[in-house]
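J.: Output the structure for:
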Amino acid sequence: MYNKPFFIAFQILITFIFWSVKTNAQPTVSDKENRLAAFAAIKEMKNGGILVVRLETNHVKIRALERNLSDPNLKPAKRKRLQGMLDETTIRRDAINQTLANTFSDSFNFCPVYLSYDSSANTLKNGAKSGIFLNRELKIDPSIQLPDSANIFIAYYHEKSGEFPSDGLMLRKLLKTLKDPFPNYTAIKESFVNDINTPRLRKAILILDNKLKSLLERAEKRD
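T.: From the prediction side, this is the model:
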């Protein structure tokens, strides 16, 4: 006489394995939709698209630290600690921003690149074509203007979080996020360089450029 509980468990296991193989073997409708959306987006980005690289200001954190430092009753030890936090925040921000600006401007060639601060994000979404873009000194230059019919994509630095295991470069359309196979996240891996973050960031930008070129080749082969 067979062991009934064991037989039932065995049937459940076989059913689960069969379902897993079938699911993994056949792309879902959403997979196909994501792939077609990615192919359409990459062609838009290459043909008449521009990339706005959004630089950090950290204005909320910096204002809070400066407000605390303005307290005349602040004890010396706390003042020193807060000043250290402020200095660290601005130094790190400036290093990341300069690396983004230099590497995207000099080494990223998939599409034209513009620079702006994150504090101008809503202005850009509302249709601004000038008055918010930066020159190589990271100063607003009113003469820099977007083409009227440009397809706008956004790239920005993102610190690691629960969803993202490491810092990374995020890429999206101005008003829409895109899913894999569009390269919406490029990890800034510690293995790239072991000392500071900006050389890793520089390498991640070059990897993103190659990812975009590879996706474009796939999209064009499909046509």
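J.: List the contacts of the residue most central in space within the chain.
T.: Note on the chain: the residue nearest the mean C-alpha position is residue 170, at 0.9 Å, using CA atoms, centre = their mean. Residue 170 makes contacts with 154, 155, 156, 157, 158, 184, 185, as judged by CB atoms under 8 Å, 6 or more residues apart in numbering. Just so you know, the C-beta spots here come from the backbone N, C-alpha and C atoms, and that holds for glycine as well.
J.: Of the residues you listed, which is the most crowded?
T.: Using other CB atoms under 10 Å as the neighbour test, the contacts of residue 170 are led by residue 157, with 22 neighbours.
J.: circling back: so for the residue nearest to the centre of the chain, what's the nearest residue that isn't a sequence neighbour?
T.: Spatial nearest neighbour of residue 170, chain neighbours left out: residue 158 (4.7 Å); criterion: CB to CB, 6 or more residues apart in numbering.
J.: ok, now how distant is that neighbour from residue 206?
T.: According to CB to CB, to the nearest Å, residue 158 and residue 206 sit 18 Å apart.
J.: Give me the pLDDT for the nearest residue to residue 177 once chain neighbours are set aside.
T.: The shortest distance from residue 177 to any residue other than its chain neighbours is 6.5 Å, reached at residue 184 (CB to CB, 6+ apart). Among the per-residue scores, residue 184 shows a pLDDT of 95.
J.: Look up how far residue 34 lies from residue 184.
T.: For residue 184, the distance to residue 34 (CB to CB) stands at 10 Å.
J.: Which neighbours do these two have in common?
T.: Residues touching both residue 184 and residue 34 (CB under 8 Å, 6+ apart): residue 178.
J.: Next up, the contacts around residue 175.
T.: Counting by CB under 8 Å, 6+ apart, residue 175 makes contact with residue 125.
J.: what's it sitting at in phi/psi?
T.: Residue 175 adopts backbone torsions of phi -120, psi 20, taken as degrees, to the nearest 10.
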